[in-house]
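Trainee: here is my input, please return the structure:
(one chain, ligands or ions: 2)
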Amino acid sequence: MSKLTDAQLERVTADFKKYDTDQDGIVTVKEFTQTVEKFLTPEDLESLLKEVNPNDDNEISWEEFLDDYEKDL
Ligand SMILES: [Ca+2]
Ligand SMILES: [Ca+2]
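Mentor: Ligands and ions are numbered 1, 2, ... in the order given. So this is what the prediction gives:
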């Protein structure tokens, strides 16, 4: 499934943990928004959320996060 190198996997894992501010293994849309909103316009935030949370539930799962990372390589 994953074509990432160990170094890439390490980086994406660290990123995911950074967004998971309460460290429960799931990045909620709220956690993600709180982390990135200061860097983004509302429009950019909305389109980014569509990319990382394509099924539009309240969570960005590890699979969704990884998929998006692989797409952006
Ligand atoms: Ca969390
Ligand atoms: Ca989702």
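
Trainee: distance of Thr5 relative to ligand 1?
Mentor: 26 Å (CB to the ion, to the nearest Å). Any C-beta I mention is one placed from the backbone N, CA and C, and that applies to glycine too.

Trainee: near ligand 1, which residues of this structure are found?
Mentor: 20, 22, 24, 26 (CB under 5 Å from the ion).

Trainee: the third one: neighbour count?
Mentor: Using other CB atoms under 10 Å, Asp24 has 9 neighbouring residues.

Trainee: wasn't it part of a helix?
Mentor: No - looking at Asp24 with DSSP: H, G, I helix; E, B strand; the rest coil, it is coil, so not inside a helix.

Trainee: that older thread, just the closest of the residues of the chain next to ligand 1 to Glu37, please.
Mentor: Asp20 (16.1 Å; CB to CB).
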